[in-house]
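> model this:
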Amino acid sequence: MRALLKKIPLLRRAKRTVKKIRKAYYRRFGPTVMRRMLATTSRPKLLIGSAERRQPGWIPTQEDFLDLLDPADWARLLRPNSVEAMLAEHVWEHLTLEEAGDAARRCFEYLRPGGYLRIAVPDGFHPDPTYLGWVKPGGASPGQRGNDHKVLYTHLSARQLFESAGFRVELYEYFDEAGTFHHHPWDEARGKIWRSAKFDKRNAGGTLTFTSIILDAIKP
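Have a look, this model is predicted:
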């Protein structure tokens, strides 16, 4: 039913209109709201690209006013070496490899020493062909258009990306080359990842239908 509804032209146009209004709102008011929230804490934690999904104690941001690829956005809102933590769930796969490296270095610049960036991205070693069809660049799950993904990471390439930016990397969830799933305990209070083995509802039956590479990139 959901897939059929998405095909109705009027609903598609309404969705595009709402998206435009939301983007205009974020561009106009996002920086002001963020500054107010920053003023309430000396150790800010940022949700990257997630102004609509909230987590207690985290400041939500959106590309429209804090673009990972725009150094001016960061300079007007933050000081280098000032951010306690950042959380980005399924963001990095929407960047090219060059952009991903720039974004990683920008986060490194603004994190305080000892701070961390927690990320989740689709897993290129996931053994399920259906999953890979969803998450590969240009792929789509049933009823959806192309996913706008630019890169499909493995735990090897994800680690290399963030280590190249100066981070120390701790991996928590991933499939290896043989299709074996690895899980190391991670604290959801330090950043909850919804598309994970534990929290994704598609895994409720016990089968790992949808998982992510989950890691912390820690600034020494």
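> tell me where the chain has helices.
Under the criterion DSSP state H, the chain contains helices at 2-6, 9-38, 71-77, 97-110, 129-135, 155-164.
> between helix 155-164 and the fourth one, find me the angle.
This means helix 97-110. Using axes from the mean of the first three to the mean of the last three Cα atoms, to 10 degrees, the inter-axis angle of helix 97-110 relative to helix 155-164 is 50 degrees.
> show me what helix 97-110 packs onto, helices and strands only.
Other helices and strands packing on helix 97-110, by 3 or more Cβ pairs under 8 Å, 6 or more residues apart in numbering; DSSP states H and E, are helix 71-77, strand 111-121, helix 155-164, strand 213-218. C-beta coordinates here come from the backbone N, C-alpha and C atoms, glycine included.
> now those in a markdown table, with mean pLDDT, distance to Ile48 and mean neighbour count?
Output for those, formatted as a markdown table (pLDDT from 0 to 100; distance: least, Cβ to Cβ, whole Å; neighbours: other Cβ atoms under 10 Å):
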| stretch | mean pLDDT | distance to Ile48 | mean neighbour count |
| --- | --- | --- | --- |
| helix 71-77 | 97 | 11 | 14 |
| strand 111-121 | 98 | 8 | 22 |
| helix 155-164 | 98 | 14 | 18 |
| strand 213-218 | 98 | 12 | 24 |
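> how near is Leu97 to Lys150?
Counting by Cβ to Cβ, to the nearest Å, the gap from Leu97 to Lys150 is 8 Å.
> more neighbours: those two, which one.
The residue with the greater number of neighbours, taking Leu97 and Lys150 and applying other Cβ atoms under 10 Å, is Lys150; the counts read 16 against 13.
> so the more buried one sits right up against Leu95, yeah?
Yes - applying Cβ atoms under 8 Å, one finds Lys150 in contact with Leu95, separated by 5.9 Å.
> least trustworthy helix or strand in the protein by mean pLDDT?
One helix or strand of the chain scores below all others by mean pLDDT, DSSP states H and E: helix 2-6, with a mean of 48.
> can you list the weak-confidence ranges in the protein?
Along the chain, the model assigns pLDDT under 70 to residues 1-26, 28, 51-52.
> gap between the spatially closest residue to Pro113 that is not a sequence neighbour and Pro137?
In this structure, Pro113 finds its nearest non-sequential neighbour in Lys219, 5.8 Å apart by Cβ to Cβ, 6 or more residues apart in numbering. Counting by Cβ to Cβ, the gap between Lys219 and Pro137 amounts to 29 Å.
> likewise for Asp102?
Taking Cβ to Cβ as the measure, Asp102 and Pro137 are separated by 19 Å.
> Ala120 now?
Relative to Pro137, Ala120 is positioned 17 Å away (Cβ to Cβ).
> tabulate the helices and strands packed on helix 97-110 (CSV), appending distance to Leu87.
Written out in CSV, the entries for the helices and strands packed on helix 97-110 read as follows (distance: least, Cβ to Cβ, whole Å):
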stretch, distance to Leu87
helix 71-77, 16
strand 111-121, 5
helix 155-164, 14
strand 213-218, 10
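> out of these, flag the one nearest Asp64.
Taking Cβ to Cβ as the criterion, Asp64 comes closest to helix 71-77 out of the helices and strands packed on helix 97-110, the separation being 9.3 Å.
> other residues contacting that closest one?
Residues outside helix 71-77 that contact it (Cβ atoms under 8 Å, 6 or more residues apart in numbering): 31, 34-35, 38, 65-67, 106, 109-110.
> no more questions from me, cheers.
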